[in-house]
Structure formats: C-alpha cells, structure tokens
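**Q** got a sequence here, can you build the structure:
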Amino acid sequence: MPAGSAVALLAERLLADGYAVEEGFQGAARVAALKQCVERRRARGELRAARVGAAPRTVWRPEIRGDFIGWLSEPWCEAERLLREDLERLRLDLNREAMLGLFDLEMHYAWYPAGAGYTRHVDQPRGRAERVISVILYLNDSWLPGDGGELRLHGVAAAPLDVAPLGGRLLCFLTAEREHEVLATRVPRSSLSGWFRRRD
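**A** Numbers count the residues shown, from 1 in each chain. Sure thing, here's the model as predicted:
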C-alpha cells in the first residue's frame, strides 16, 4: 500500500493523465497468497465464463470476452481481507486528495486461459455513472515479453498505451468513456478488477 505522499502523486497523475500505475501495490508474498485464493475459488467452481450485453439478455461470446470471473465475496481468505483493507485506505485517501466522492468498491477475479482476450470496450454501463475509477491488480508471479495479455488503454496518449500484467502492479484509470481492451494472452493470466463507485 503506497504511503500518503505516493497516494497524492497517484491522484495527481490520475486526474492529469486519466490513468496511473502503482508498482508493487502488493508485495510478492501477498500476490502469491492472492493467486492461491483465486485458484481455490476456481477449484470450487466460483469462477464462471464472463458474458457480454445488458442484463437480462447477456450472452457468452468468447471471441469478444474470454475470461472467467468470480465476484469477491465472503468468506474471504486472509490475503483478500488484507487487500480490501488496503483498497479501503486508498479510497479514503483518493477522496481526501481529489474529493471524488467515492463510497464503495465492487471487485472480481478475472482469469484468462491461454488464447483469451477482451475486445475494446468501456466499463461504464450505458446510462449509468456510478463507476468512477477502474482498478486492476495483477496477480501474475512471472511475466515475460511476448506472453501477451497487456491491457491497452486508448485515448490517454498519442498512441494506445499497453500495460503489462506484472504481479503486484495496480492500474487505475478514470472509467467514464475510457476505451480499453485486453490483448490475447499466450499464458494463463490472473487479476482482480473492479471499480471505485460514487452514488448515482
């Protein structure tokens, strides 16, 4: 968890550039523990193929979105509980630094098998404005150039920005109208993805 001065810099970058990357938001031991948590949840059948479209007419379209997701819910493993505490402190710090009015966090695991990706999209459902900041914590203990699976952000620079899914790295970006995609991964890829929200 970054110190107060680091959070101030993160908030400054987020508001100025529309995104911010925090290296080592979770240490290697915590990343390994979270990786075990997601594997246990997968083994229990808690992760399901992600669907696209608006409820109640969602459909499974793996050529559009190939990940498997499981919403973070009780019972928590210890690493999940500690992460939630860190993210709650981050929410409060971001509110103090940038007065964003964030009141809660919704979050899920996203596991991509080799070959899967997620085509270009936005996180804000049409006609809704609760999601303010998208947050992604990567849980991959090793990642090599050529493994794929980068998150590609559009509209934050002259060219799209690719963020590699390195373990412990936290990516935050302003949710509204921010198009992004997950490039096809060549090895299994794990993350926790979610949104700091305000009341609509």
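
**Q** where does this structure have low pLDDT?
**A** Within the chain, the ranges that satisfy pLDDT under 70 run 1-5, 127.

**Q** so Phe25 touches Leu170, yeah?
**A** Yes. Between Phe25 and Leu170 there is a contact under C-beta atoms under 8 Å: 3.7 Å. From N, CA and C alone the C-beta is placed, and that goes for glycine too.

**Q** mind listing the helices for this structure?
**A** 4-17, 28-43, 78-98 (DSSP state H).

**Q** quick one: buried residues of the longest one?
**A** By neighbour count, and taking 16 or more other C-beta atoms under 10 Å as the criterion, the buried residues in helix 78-98 are 79-80, 82-83, 86-87, 90-91, 93-95, 97-98.

**Q** could you do the shortest one as well?
**A** Buried residues in helix 4-17, defined by neighbour count with 16+ other C-beta under 10 Å: 7-8, 10-11, 14.

**Q** what's it packed up against?
**A** Judged by 3 or more C-beta pairs under 8 Å, 6 or more residues apart in numbering; DSSP states H and E, the packing partners of helix 4-17 are strand 19-22, helix 78-98, strand 170-174.

**Q** between helix 78-98 and that helix, find me the angle.
**A** 70 degrees (axes from the mean of the first three to the mean of the last three C-alpha atoms, to 10 degrees).

**Q** angle of helix 4-17 against strand 170-174?
**A** Going by the same axes, to 10 degrees, helix 4-17 makes 40 degrees with strand 170-174.

**Q** could the helices and strands packed on helix 4-17 go into TSV alongside distance to Ala129?
**A** Listed next are the helices and strands packed on helix 4-17 as TSV, based on distance: least, C-beta to C-beta, whole Å:
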stretch	distance to Ala129
strand 19-22	19
helix 78-98	17
strand 170-174	12
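
**Q** shared neighbours of Phe25 and Leu170, anything?
**A** Leu137 (C-beta atoms under 8 Å, 6 or more residues apart in numbering).

**Q** ok, the most centrally placed residue in the chain - contacts?
**A** In the chain, the C-alpha nearest the mean C-alpha coordinate belongs to Ile136, at 2.0 Å (C-alpha atoms, centre = their mean). Taking C-beta under 8 Å, 6+ apart, we find Ile136 in contact with 151, 170-172, 191-194.

**Q** and if you look at Ala184?
**A** Contacts of Ala184 by C-beta under 8 Å, 6+ apart are 115-117, 148-149.

**Q** and with 7 Å instead?
**A** 115-117, 148 (C-beta atoms under 7 Å, 6 or more residues apart in numbering).

**Q** just the buried residues of these.
**A** Buried subset of the contacts of Ala184 (neighbour count, 16+ other C-beta under 10 Å): 116-117, 148.

**Q** quick one: which of those residues is nearest Val156?
**A** Gly117 (19.5 Å; C-beta to C-beta).

**Q** what's that closest one in contact with, if anything?
**A** Contacts of Gly117 by C-beta under 7 Å, 6+ apart are 66, 182-185.

**Q** can you rerun that using 10 Å?
**A** By C-beta atoms under 10 Å, 6 or more residues apart in numbering, Gly117 lies in contact with 62-67, 148-150, 152, 181-185, 189.
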